[in-house]
Structure formats: structure tokens, C-alpha cells
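>>> what follows is a predicted structure for the sequence shown.
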Amino acid sequence: MKERRKKPPAKRKPSRETLKRSELRRMPAALPRAIASRLNALAARVLHVSWTEGLLLVLAAVSGLVLVQGTLDWLFDLPRGVRIFFLVADLSILGFIVFRFGILAWQRRLTPDEAALCAERHWPGLRTGLISAVQLARRPDGSPALVTAMLEKTAAHITKTDLRPAVGWKRLRLHFCTMLLLVILTGGLVAGLSPKSLILLQRILLMNVPLPTQTIVTAVSGNFLIPTGQTIELSAKATGVVPKSGRVEVTYEGKRPEVVSVSPKASSPDVFSLQLANIQQPLTYRFRLNDGRGEEWKVELLHPPVMQEIKFDVTSPPYTGLPPAPLSPGGLTLLAGSKLKIAGRSSQPLKSARLVLTGKERSLEIKPEGPARTGFSSEIDVPKAGLDGLWIELKNDRDVVSQNNTVYAVQVLPDRPPEITVAESQPEKMNLVAGQKPRLRFDVHDDFKVQEIFLCVQPVNSLGEGEEPNPEKAKQIPIPVPAPAAGLAFDYEWQDPEKTGDWAEGTTLAYWIKAVDNNNVTGPGISYSSPRKWSVVSLQTKREELAEQLRKHAESIKDLSGTQENLRNEMGAMLKQEDKK
């Protein structure tokens with residue numbers, strides 16, 4: 001048994017909706033040429049009438065809008081914002097007319113079917129023959145011979161008929177008259193009031209020109225964008241008829257306008273100015289000179305950033321052994337060589353910040369920190385001198401800097417060198433024999449730690465004429481330090497003075513105690529005791545010195561004994577006198 005072949009599915013005829021979208025505007029190929037040309041002419045007439053109507057409405061609208069807006073601007077001196085609104089409205093109206101009568105009319109131009117119906121409505125005698133011919137030419141139904149005969153009959157009837165009068169021009173008469181009236185009126189006013197009318201046209205097109213008055217007011221100062229509390233000068237120039245005085249209308253935010261009289265400057269008679277001090281509120285102002293009215297200008301305030309928080313932390317030099325500590329802003333007492341960290345927060349996002357150090361008059365740039373850029377921090381090394389204060393200047397994103405910045409006083413404490421106290425029993429001058437070992441008793445104290453001790457000796461005989469002993473040029477003998485400490489007591493015996501080569505009979509040595517602290521940042525701190533002398537003498541000279549000391553001691557004892565005897569005698573006499581009484 002043979003397998004049957006499946007028939008391909010029959011092609012679906014396009015629906016009317018599909019036909020309207022794709023083919024409806026195309027003239028059927030089978031339609032006689034006489035009918036097609038008449039229908040095309042009718043569709044073109046409809047489109048031309050719509051375009052002409054749109055053109056008339058555009059001319060009428062332009063004339064009317066110019067007339068109305070020019071009059072309002074002349075009477076009320078419309079600000080730029082209102083003129084922008086009017087211009088946008090004008091363009092919207094004109095755009096709507098162009099779209100409605102131009103673009104939309106083109107998109108909805110008559111199809112052959114619609115043109116046929118339009119003609120049949122105008123000429124009822126056509127009945128439905130014309131529309132039937134169009135539809136049969138597109139989709140012939142029934143006998144082809146009958147369809148052809150009907151199309152030829154309709155073509156023969158329509159050949160002698162012009163379908164364009166179905167759409168007349170009479171309905172445009174009102175539009176034409178309205179347009180002509182407005183154009184003549186507007187054109188006459190523009191020509192008659194020239195050049196003032198031309199200036200009004202420029203203002204309608206948003207050109208920044210003043211109203212055409214006898215006195216033209218030209219801004220000199222314009223808009224202001226200032227920090228709070230600043231003093232400003234409002235000024236304007238008069239061109240044309242220059243009056244002797246004028247007025248300024250100042251309107252503070254939320255208040256009624258104030259009118260202030262102004263006079264011209266002595267140096268510039270055509271320039272009028274007004275000074276406003278300590279501006280605390282936003283405002284607007286406008287100059288009125290003679291019949292001229294200036295533009296309205298704004299004075300806007302920029303609020304400077306304010307320091308909301310500031311902290312100081314000090315890190316002392318390592319040699320001090322002190323831990324980091326916070327400091328009060330009112331008591332910045334710092335040790336030289338410390339590191340001062342400054343951290344704070346602003347009320348506004350910052351573009352930059354600047355740390356200003358007074359005394360040395362230098363500044364450091366600080367970068368904002370944090371996601372909101374309101375924080376900042378910096379660290380400085382505290383110098384030995386030249387720093388007596390600091391303050392921080394903040395700048396926000398609009399380049400407004402902080403005002404009345406607090407100056408924080410700084411007191412820098414230097415690291416004091418060690419203090420040397422020689423025992424009272426240590427004489428200023430001392431005679432020793434060559435075999436003796438000098439002995440020193442002294443104490444050394446420092447703010448933190450004493451690091452090194454030296455005995456400095458210099459022969460006096462080696463000095464030139466007029467030269468004074470100098471510890472920096474002397475020989476330095478280290479004195480052992482058990483361990484660095486803030487306070488040390490020494491009872492030191494110089495064991496080998498003869499190694500210096502200067503310890504010999506007849507020599508006089510100047511000597512000092514030298515103390516060095518552990519300041520390895522700004523120091524070290526070095527101090528010297530007051531100079532003293534050792535003289536190396538012979539044994540005989542030393543014996544004579546000792547004998548003289550003994551003699552003086554004996555004399556002092558004798559004097560003391562005589563003094564005591566006299567006191568006893570006086571006391572006895574006083575007691576006898578008392579007994580007699």
C-alpha cells in the first residue's frame with residue numbers, strides 16, 4: 001500500500017488588521033490607473049490642507065506669544081527664570097502644532113480605501129462603487145470577468161471627475177484671518193517700537209540684556225557666594241540718563257523687601273553702590289535707577305567648616321621612659337624632642353586642612369580621612385625652640401575656610417642638663433704631694449638619667465698668657481658609673497694621676513666634673529662643675545701647710561676658751577647684781 005503524502009498546510013490569508021499595517025496604503029496593482037491617480041490626488045490634498053493649517057497656526061502662535069510675552073516683560077521686568085519657563089512653553093506649543101498638523105498628518109495620511117470613502121461622502125451619487133472597486137482590486141472575489149467589467153465601468157465614470165474638491169480650503173479662512181491679524185499687529189509694533197522691541201525679542205530668546213529704558217542698569221557686583229559674617233558692596237552702573245540718586249531693593253530670606261537709597265560714587269558718578277556689613281542671611285537685591293530696573297541678583301552664604309572635636313596625644317622621647325599620654329588642649333606643655341599627634345573632626349566634608357605652627361611661622365598640609373572626609377590627623381616633632389602655638393585651618397569642598405580658628409598655646413620644656421653638687425668638704429684649692437691620690441666627693445642629679453661622668457684636668461702652666469682654663473680642651477678621665485640613674489653619689493679616688501704626664505711637683509692642675517645625661521634626641525645634656533685646682537707641692541711645703549693649719553686651729557681653740565671665760569665672768573657679775581637687789 002502506497003504511503004500518502006501529506007499536503008502542505010494552506011497559507012493563511014492575511015487578516016484585515018495585518019493588511020492595514022503592511023499593505024493598506026499601497027494602491028492595488030489591479031486598480032485602473034484613472035481611479036488610482038484620482039485617489040492619490042485626493043490624499044495629497046488632505047495632507048496639504050493639514051500642513052497649511054499647521055503653518056498658519058504656527059505663524060499665529062509665534063506672533064501672539066511674542067506680543068503677550070513682550071508686553072509682560074515690559075510691564076513686570078520678568079526674571080530670567082520666568083522667561084526660561086515661557087520659552088519652554090512656547091517651544092512646547094509650537095512643537096505640538098508641528099507634530100499634530102505635520103508629522104501626525106503624514107503618519108495618518110489617507111489610504112486608498114479612506115480616500116474612496118471621503119469622495120463618496122462628498123458625492124453621494126458615487127454610492128459605494130468607488131470603495132468596492134478598490135477592495136475588489138485588492139482581493140477579487142467571484143468571477144474575474146465580472147470584477148474586470150466593474151472596474152472598467154467605475155474607471156470610465158470617474159475619469160471625468162476631480163476628487164480633490166472633496167477637501168476644500170474654506171475652513172482655513174478663519175485661521176488665515178487670525179494669523180494675518182496677529183502678524184500685522186506684531187510686525188507693526190516691532191517696527192514702530194524699534195529698537196526697544198528688538199531688545200524685548202532678545203530677552204524672549206534669553207539674551208542677558210536689560211530692558212530698553214531711558215536708564216540702562218548694568219550689574220557690576222552680580223551674584224555673591226560668601227562666608228557668613230562677611231561685608232559686601234553692591235554696585236551697578238547707569239547708562240543713558242544718569243540720575244542723581246537711586247534705590248536698591250534688598251530682600252532678606254523670609255522677610256519683606258527693604259528699599260534703600262543710594263548715591264553715586266564720587267570717583268565714578270555713573271556707578272551706584274551700597275555696602276552691607278556682617279551678612280548673616282541669604283538675600284536678593286535689585287537696583288532701580290531712574291526708570292531702569294536691574295536684574296535680581298542673589299547673595300548666598302557659605303557656612304565655613306567648624307571644628308567639632310580635637311585631641312592631642314604626646315609621645316615622649318624613648319630616653320625618658322615615659323608612656324604616651326593624652327593632653328588637654330588648654331595645657332600643651334611638651335618636652336623638646338617629643339612627638340605631638342593631633343586628631344580631630346570637622347562639621348563638613350573637607351577638601352584639605354592646614355596645620356599652622358606659630359613661632360617659626362610654617363604650615364603643614366593635612367589630608368582628610370574617613371569615608372565622609374570629615375576627619376584629619378597629623379604628627380609633628382617638637383623642636384627645642386621656635387614653637388609657641390598652633391592652630392588648624394579647615395577648607396571644605398567649596399573652598400570655604402574656617403573662621404576664628406582657636407590658637408592653642410604651646411610651652412616647650414627643654415631637657416635640663418645634669419646638676420653637679422660638690423661636697424662642702426671639697427676645697428676650691430688643694431695642695432697635694434706627688435704620691436697622693438686626689439679624692440672627689442660629689443652628687444649628680446638629672447631629670448631622667450645620668451649616663452656618663454668624667455674628670456676633666458688641664459695644667460694651668462700650659463696655658464698661654466691671658467688664656468683661661470677650658471674644660472672642653474682638658475683631658476677627660478672617665479669615672480665609672482655603676483648604672484645610669486636620675487641621681488648618683490660619688491666618692492671617687494683618682495688612682496693613677498701620674499699617667500696623665502702632668503702630675504709632678506710644681507704643677508697646678510685645673511679640674512672639673514663633667515656629667516652627661518642620656519638624651520639622645522635633642523641632647524645630650526652636658527654640665528660642668530665650677531673649676532677647682534690641685535697643686536702638686538713638695539713634702540716640706542705640705543708639712544708647713546699642715547703646721548700652719550694646726551697653728552690656726554690652736555689659735556681658734558684659744559680664742560674660743562677666752563671667749564668662754566669672759567662669758568662666765570659676765571654671768572657671775574650679773575648674778576651678783578641680782579643678789580644685791
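Yep, that arrived.

>>> what is the longest helix along the chain packed up against?
Taking DSSP state H as the criterion, the chain has its longest helix at helix 33-76. Applying 3 or more C-beta pairs under 8 Å, 6 or more residues apart in numbering; DSSP states H and E, we find helix 33-76 packed against helix 80-98, helix 104-107, helix 112-122, helix 129-138, helix 144-158, helix 173-192, helix 196-204. Quick note: C-beta positions are derived from backbone N, CA and C, even for glycine.

>>> what does the third one contact?
Under the criterion C-beta atoms under 8 Å, 6 or more residues apart in numbering, residues 24-25, 27-28, 31, 36, 38-40, 42-43, 46, 110, 126-128, 130-131, 133-135, 163, 165-167 lie in contact with helix 112-122.

>>> can you rerun that using 7 Å?
24, 27, 39, 42-43, 110, 126-128, 130-131, 134, 163, 166 (C-beta atoms under 7 Å, 6 or more residues apart in numbering).

>>> now, of those, which are buried?
Among the contacts of helix 112-122, the ones that count as buried by 16 or more other C-beta atoms under 10 Å are 27, 39, 42-43, 110, 126, 130-131, 134, 163, 166.

>>> where's the dip in pLDDT among the contacts of helix 112-122?
Minimum pLDDT for the contacts of helix 112-122 is recorded at L24 (60).

>>> ok, now how distant is T541 from G435?
Relative to G435, T541 is positioned 14 Å away (C-beta to C-beta, to the nearest Å).

>>> tell me which of those two has more neighbours.
Each of T541 and G435 has its neighbours counted (other C-beta atoms under 10 Å); T541 has more, 14 against 9.

>>> and for I199, the neighbour number?
Quick note: I199 (other C-beta under 10 Å) scores 21 neighbours.

>>> was I right to think it contacts M207?
No. Using C-beta atoms under 7 Å, I199 is not in contact with M207, being 8.6 Å away.

>>> may I see the buried residues of stretch 144-155?
147, 150-151, 154-155.

>>> show me what the helix or strand hosting Q308 is packed against.
For Q308, the element it lies in under DSSP states H and E is strand 307-315. Judged by 3 or more C-beta pairs under 7 Å, 6 or more residues apart in numbering; DSSP states H and E, the packing partners of strand 307-315 are strand 325-327, strand 339-346.

>>> would JSON lines of those strands with mean neighbour count and distance to L509 be doable?
Putting the helices and strands packed on strand 307-315 into JSON lines (neighbours: other C-beta atoms under 10 Å; distance: least, C-beta to C-beta, whole Å) gives the following:
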{"stretch": "strand 325-327", "mean neighbour count": "12", "distance to L509": "47"}
{"stretch": "strand 339-346", "mean neighbour count": "18", "distance to L509": "45"}
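
>>> which of the contacts of helix 112-122 sits closest to V444?
L24 (117.1 Å; C-beta to C-beta).

>>> got the contact list for G129?
T154.

>>> state the number of residues packed around L560.
Neighbours of L560 (other C-beta under 10 Å): 10.

>>> distance-wise, check it relative to Q549.
From L560 to Q549 the distance is 16 Å (C-beta to C-beta).

>>> one more: Q280?
89 Å.

>>> again, but for L390
In terms of C-beta to C-beta, L390 sits 63 Å off from Q549.

>>> neighbour count winner among those two?
Higher neighbour count among L390 and Q549: L390, with 23 against 10, using other C-beta under 10 Å.

>>> wasn't that one part of a strand?
Yes. Counting by DSSP: H, G, I helix; E, B strand; the rest coil, L390 falls inside a strand.

>>> surely it and L357 touch.
Yes. In this structure L390 lies within contact range of L357 using C-beta under 7 Å: 5.2 Å.

>>> now do the shared contacts for those two.
The contact sets of L390 and L357 do not overlap (C-beta under 7 Å, 6+ apart).

>>> turn the helices and strands packed on strand 307-315 into TSV, including mean pLDDT.
TSV is the format used below for the helices and strands packed on strand 307-315 (pLDDT from 0 to 100):
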stretch	mean pLDDT
strand 325-327	93
strand 339-346	94
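
>>> of all those, which one is nearest A474?
With C-beta to C-beta as the criterion, A474 lies closest to strand 339-346 of the helices and strands packed on strand 307-315, at 37.1 Å.

>>> who touches that closest one?
With C-beta under 7 Å, 6+ apart, strand 339-346 has contacts from 305, 307-315, 334, 355, 374-382, 392, 394.

>>> looking at the protein, which helix or strand is least sure?
Of all helical and strand segments in the chain, the minimum by mean pLDDT, DSSP states H and E falls on helix 16-22, at a mean of 45.

>>> only the buried residues of the strand holding Q308, if you could.
For strand 307-315, by 16+ other C-beta under 10 Å, it's 307, 312, 314-315.

>>> closest one of these to T500?
T315 (44.4 Å).

>>> distance check, the closest one against P324.
5 Å.

>>> swap in I392?
For I392, the distance to P324 - C-beta to C-beta - is 21 Å.

>>> the more surrounded of these two?
A side-by-side neighbour count of I392 and P324, using other C-beta under 10 Å, places I392 first with 23 against 11.

>>> need the per-residue pLDDT for that one.
pLDDT recorded at I392 is 94.

>>> contacting residues for the nearest residue to it once chain neighbours are set aside?
In space, and not counting its chain neighbours, I392 is closest to L355: 5.6 Å by C-beta to C-beta, 6 or more residues apart in numbering. Counting by C-beta under 7 Å, 6+ apart, L355 touches 342, 363-364, 366, 378, 390, 392.
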